[in-house]
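Engineer: Following is a predicted model, sequence given first.
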Amino acid sequence: MSNIDFHSIENPLNTPKVNSDPTLNQSTIIPSTINEDNSNRTNILFLGCSQSGYLKEGQSIPWWLLPNLLALDAPIVAVCWQRFLYANLGQSLNVPASVTLGLVVWGLYLLDRGLDNRKTQNTSLPDRHRFAQRYNRLFMGVGLTGMLLGVLTAFVYLPALSLLSGTILGVLLLLYLIIVHYAPFRLSGSKEFLVGIMFAAGVAIPLFTHFPDQMSIWFPVVVGFAFLCWLNCLLIDRWEKGSIGFGLFPMMISSIIAVIALLSPTPCNLVLFMADSFILLLHLLRNRLGVRFLRVAVDFVLIIPLGIEKIL
């Protein structure tokens with residue numbers, strides 16, 4: 001699919017229009033009527049994306065946005081980190097373990113997104129939610145199918161100890177869905193925190209089951225990865241809400257990640273430092289980059305350090 005046609009957008013930077021009517025003593029500033037959303041404060045376009053990050057009717061979808069809309073970015077990040085952590089211990093992980101993780105994560109994200117949008121008809125939602133809203137039944141159906149295929153793969157190929165750990169995590173994930181989508185109240189920011197913890201726990205299941213005696217090596221890295229995922233989700237929420245200011249809380253989480261990196265073995269410490277730095281750089285440039293680009297890039301930068309470490 002092609003990107004958005006820049007030429008079809010009048011006054012894309014939303015700059016004020018000047019009325020040069022000679023009957024007026026001074027030029028009158030007339031705000032543009034295009035994109036009046038207050039959250040869009042800089043109105044700078046990047047790669048064909050407006051700061052608001054919303055898809056408009058009839059607007060084509062950039063190809064690089066599809067992994068995010070289809071929730072494919074999450075399983076890619078999960079599998080890459082799973083295999084990196086395993087390789088860091090000098091071991092090779094069997095393919096079914098990664099297939100199981102990828103299917104379960106993908107299915108859970110589709111299901112979670114479908115539940116998020118099952119009742120709302122809000123048209124000002126971010127891209128991924130509007131896309132899930134449009135294809136809600138498909139998201140729910142594919143999500144359940146993906147999770148069931150992941151569970152089936154686990155029962156056929158994974159050892160009993162991994163199945164036990166996966167079952168425990170599965171119960172926790174079920175509790176997560178109940179708390180997030182059906183609880184009468186929810187603490188602000190709790191979903192982002194729970195996603196970070198659950199995501200890292202799912203990635204670390206093979207380590208818990210196969211290398212409990214080496215926990216001092218891999219556990220700090222898993223904790224650092226959980227904080228990275230939490231920071232990732234927290235910043236996405238802030239960007240999409242148009243929050244102003246850098247934010248003290250993201251800086252606190254980033255500082256914790258830096259401390260954990262210092263306690264982690266090489267090359268994991270380098271990977272944690274790079275991922276943390278890349279995320280902060282995106283946050284620093286948030287007013288110059290569109291929300292849509294930030295949403296894709298913040299997941300991508302979790303993978304870049306793994307590739308750099310491999311080259312080095």
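Structural biologist: In hand now; what should we look at? Numbering: from 1, shown residues only.

Engineer: element containing Asp112, please.
Structural biologist: helix 95-116 (DSSP states H and E).

Engineer: buried stuff in that helix?
Structural biologist: Buried residues in helix 95-116, counting neighbours by 16 or more other CB atoms under 10 Å, are found at 97-116. Heads up, the C-betas are built off the backbone N, CA and C, glycines and all.

Engineer: Now it - C-alpha only, CSV.
Structural biologist: Output of helix 95-116 as CSV, limited to C-alpha atoms (Å, rounded to 0.1, in the frame of the first residue of the first chain):
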residue,chain,number,x,y,z
VAL,A,95,12.1,-23.9,17.5
PRO,A,96,8.8,-25.1,19.1
ALA,A,97,9.5,-23.1,22.2
SER,A,98,9.7,-19.9,20.1
VAL,A,99,6.7,-20.8,18.0
THR,A,100,4.7,-21.4,21.2
LEU,A,101,5.7,-18.0,22.6
GLY,A,102,5.1,-16.2,19.3
LEU,A,103,1.6,-17.6,18.9
VAL,A,104,0.5,-17.1,22.5
VAL,A,105,1.8,-13.5,22.6
TRP,A,106,0.2,-12.7,19.2
GLY,A,107,-3.1,-14.3,20.2
LEU,A,108,-3.1,-12.5,23.5
TYR,A,109,-2.4,-9.1,22.0
LEU,A,110,-5.2,-9.6,19.4
LEU,A,111,-7.6,-10.7,22.0
ASP,A,112,-6.7,-7.9,24.4
ARG,A,113,-7.1,-5.3,21.6
GLY,A,114,-10.4,-6.8,20.6
LEU,A,115,-11.7,-6.6,24.2
ASP,A,116,-10.5,-3.0,24.4
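
Engineer: helix or strand right after the helix or strand bottoming out on mean pLDDT in the chain?
Structural biologist: Ranked by mean pLDDT, DSSP states H and E, the helix or strand of the chain with the weakest confidence is strand 28-30, at a mean of 39. As assigned by DSSP H and E, the chain's next helix or strand after strand 28-30 is helix 66-69.

Engineer: ok, and what's touching that next one?
Structural biologist: The contact list for helix 66-69 (CB atoms under 8 Å, 6 or more residues apart in numbering) reads 1, 61, 72-73, 76, 127-128, 131, 295-296, 299.

Engineer: now for the host helix or strand of Gly166, which elements pack on it?
Structural biologist: Under the criterion of DSSP H and E, Gly166 resides in helix 160-182. Contact here means 3 or more CB pairs under 8 Å, 6 or more residues apart in numbering; DSSP states H and E; on that basis helix 160-182 packs against helix 95-116, helix 136-157, helix 190-203, helix 205-210.

Engineer: switch the cut-off to 6 Å
Structural biologist: Packed against helix 160-182 by the contact rule (3 or more CB pairs under 6 Å, 6 or more residues apart in numbering; DSSP states H and E) you find helix 190-203, helix 205-210.

Engineer: right, and those - which one's nearest Asp237?
Structural biologist: The minimum distance between Asp237 and the helices and strands packed on helix 160-182 falls on helix 190-203, with 6.0 Å, by CB to CB.
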